[in-house]
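[1] Any chance you can model this:
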Amino acid sequence: MIDIVLDTNVFVAALRSEGGAAREVVRRILQGHYRPLFGNALWLEYQDLLGRDVWANETTAAERLQVLSALAQAGRWVSVYYGWRPNLPDEADNHLIELAVAGNAAAIVTHNRRDVARGELLWKSLRVLTPAQCLENLK
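    Model (predicted):
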């Protein structure tokens, strides 16, 4: 099983569309191919998203909560003991790097690859991939 950090923008994209790479990444998580890593900051973002008006009519609130619960069961909780800040241009994304490093993730899967990959500190073993790149490169 391959450990990944699933950015919230991929979760939203997966549940707003009927198909696509983001939805396939979530499907593969639920099938046991990938294991999402969760930490306090990322989990709070997921929970916050459930109450926001960012959703299309593809899913109901109950369905979104059900998928999030399934992701939680499939995932692994990681405690982050060390902060690598400042690192990224957008301070709000730093927790993704910290979680990935603490959990020894193979990749961060995000639609915001350009910003997340532009850190001052680099880890050669950590990849920042779009959902399509994840499907191609993490098998």
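[2] In terms of secondary structure, what does the lowest-mean-pLDDT helix or strand in the chain contact?
    Within the chain, no helix or strand scores below helix 113-116, which has a mean of 72 by mean pLDDT, DSSP states H and E. Judged by 3 or more CB pairs under 8 Å, 6 or more residues apart in numbering; DSSP states H and E, the packing partners of helix 113-116 are strand 127-129. Yep, even glycine has a C-beta here, placed from its N, CA and C like the rest.
[3] buried residues in whichever helix or strand comes after the strand it packs on?
    Following strand 127-129 in sequence order, the next helix or strand is helix 131-137 (DSSP states H and E). Residues Pro131, Cys134, Leu135 are the ones in helix 131-137 that count as buried (16 or more other CB atoms under 10 Å).
[4] between the residues you listed, which is nearest Asp3?
    When these are ranked by distance to Asp3 (CB to CB), Cys134 comes first, at 12.1 Å.
[5] got a list of what the closest one touches?
    Ile4, Ala21, Val25, Tyr34, Ala107, Val109 (CB atoms under 8 Å, 6 or more residues apart in numbering).
[6] which one of those residues has the most neighbours?
    Greatest neighbour count in the contacts of Cys134, by other CB atoms under 10 Å, goes to Val109: 33 neighbours.
[7] who's that one bridged to?
    Val109 forms beta bridges with Leu6, Leu129, as assigned by DSSP bridges.
[8] For it, list the residues it contacts.
    Ile4, Val5, Leu6, Asp7, Val10, Val25, Leu129, Thr130, Pro131, Cys134.
[9] pretty sure Val26 is touching Val67, no?
    Yes: counting by CB atoms under 8 Å, Val26 touches Val67, with 7.0 Å between them.
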